[in-house]
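Chemist: next comes the sequence, and after it the predicted model I'd like to discuss.
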Amino acid sequence: MKQFASALMFAAFIAAPAVAQQNVPEIQFESVPRPLKYSPDMNLGEVLGVAVNSEGHIVVLNHPGSANTGPIWMNSTTQLLEFDEDGAFVREIGKGVYGIAYAHQVRFDDDDNLWVVDKAANTVIEFDPDGYVIMNLGRREEGFHGIPGAGVELRSPQEARARGGYFGGPTDVAWDPQGNIFVSDGYVNSRMVKFDKHGNFLMDWGSLGREIGQFRLPHAMVIDNSGDVYVADRSNRRIQVFDSNGNFERVLVMDVPFEADYQPPFTAVNADRNQPATTAPWSMCLTDSSPQELWVSDEEPGRIYRMTLDGRILGWLGSSGRQVGQFNWVHGLDCSQLDEGILWVADMNNWRVQKLIVDLD
């Protein structure tokens, strides 16, 4: 049964602040050249995620090239590459696993289990530190996807029918302090799903739309130490915050002004281009500090934001581009080493992982 926030909260309309957050400082940083050590025949493709465990090992979610070909039911288009704390290649995890096809995100839990969210296979898979599968949520579709026009073709988001613990384009995973598992079921179902620590379906909330408690592509999520759930509601250009039972609490936005003459480097110059008041959240991570901080990336102008949990922006870094220290769709962030000044970035369309040394003073 779906649970939503109270009728009063859902009736409320929460817009972006009338006045943008001004005078937000730019954070200084360096990008470490080639932080991961691998041979030239292991060049990365689209890098969608990066996660660091308690030993400092880095797992990279990579979409490789021609070595893996064909439709998703014939082969995988995903590699999970592990590197040690010095950046040396260790192994590939999950080779040949049935529920991996076109994975979207990777996360480590507190026990160093690796979780892989696969938006094509509609699965969320838990690997133990040795690399064995120990839990699978959802179910990969079989090879036959139906005949268009015959009433059995794949559904669009407008036609989605969420069903319990089965997914439609899941995007991310996180855990509350009690060990409950939360999945952002984003590309088709536009909802959040909650399981207990054993993988039993408990509840879901949300639907496709623009109102509070609705989503237009919940693309990333994190959970803070109090159990609040932060959902990157990407196409609605906001972060919605809920308690662990799906009750709405607040909205956060990234509203640092663009430069007046900003033009994205990936499209033709347009002097009349509209500059949006807020930017769309793409990826998120939470620090282990006290108090915790939220770090969030956008698509344009290619920034990463340092935020308090109530939405105050403490600083920003980065810009769109192809050079080292610039970003072309940051699709994954890992904050676990920010106490050492290290932020890991999955720089998707630049086909690389960046290790940033961040000045937090």
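Modeler: Yep, it's here.
Chemist: the helices in the stretch 251-361 of the chain, which residues?
Modeler: Taking DSSP state H, counting those that start in this stretch, the stretch 251-361 of the chain contains no helices at all.
Chemist: just for this protein, where's the confidence low?
Modeler: 1-19, 66-76, 143-162 (pLDDT under 70).
Chemist: find the centremost residue of it, please.
Modeler: Closest residue to the average C-alpha location of the chain: residue 220 at 3.5 Å, with CA atoms, centre = their mean.
Chemist: next up, the contacts around that residue.
Modeler: Shown in contact with residue 220 (CB atoms under 8 Å, 6 or more residues apart in numbering): 105, 171, 172, 184, 231, 232, 234, 281, 282, 283, 284. In this view, the C-beta of every residue, glycine as well, is placed from N, C-alpha and C.
Chemist: I'd like to know which of the residues you listed is nearest to residue 352.
Modeler: Nearest to residue 352 out of the contacts of residue 220 is residue 283 (CB to CB; 15.0 Å).
Chemist: am I right that the residue nearest to the centre of the chain sits in a strand?
Modeler: Yes. According to DSSP: H, G, I helix; E, B strand; the rest coil, residue 220 belongs to a strand.
Chemist: so what's the residue count around the closest residue to it other than its chain neighbours?
Modeler: Spatial nearest neighbour of residue 220, excluding adjacent residues (CB to CB, 6 or more residues apart in numbering): residue 232 at 4.0 Å. Residue 232 has 29 neighbouring residues, counting by other CB atoms under 10 Å.
Chemist: same deal with the one 3 residues further on?
Modeler: A count of neighbours around residue 235, defined by other CB under 10 Å, yields 15.
Chemist: I'd say residue 50 and residue 331 touch.
Modeler: No. Applying CB atoms under 8 Å as the test, residue 50 and residue 331 come out as separate, 9.1 Å apart.
Chemist: what touches both of these two?
Modeler: Counting by CB under 8 Å, 6+ apart, the residues touching both residue 50 and residue 331 are residue 346.
Chemist: which members of the contacts of residue 220 are positioned in strands?
Modeler: 105, 171, 172, 184, 231, 232, 281, 282, 283, 284 (DSSP state E).
Chemist: so in terms of bridging, what pairs with the fourth one?
Modeler: According to DSSP bridges, the partner residues bridging residue 184 are residue 172, residue 192.
Chemist: coming back round to it: of the contacts of residue 220 - the most surrounded one?
Modeler: residue 184 leads the contacts of residue 220 on contacts (other CB under 10 Å) with 31 neighbours.
Chemist: wait, what's in contact with it?
Modeler: 170, 171, 172, 173, 192, 218, 219, 220, 221, 231, 232.
Chemist: now those residues in JSON lines, with distance to residue 326?
Modeler: Formatted as JSON lines, the contacts of residue 184 follow (distance: CB to CB, whole Å):
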{"residue": "170", "distance to residue 326": "29"}
{"residue": "171", "distance to residue 326": "24"}
{"residue": "172", "distance to residue 326": "24"}
{"residue": "173", "distance to residue 326": "29"}
{"residue": "192", "distance to residue 326": "32"}
{"residue": "218", "distance to residue 326": "27"}
{"residue": "219", "distance to residue 326": "21"}
{"residue": "220", "distance to residue 326": "21"}
{"residue": "221", "distance to residue 326": "26"}
{"residue": "231", "distance to residue 326": "27"}
{"residue": "232", "distance to residue 326": "21"}
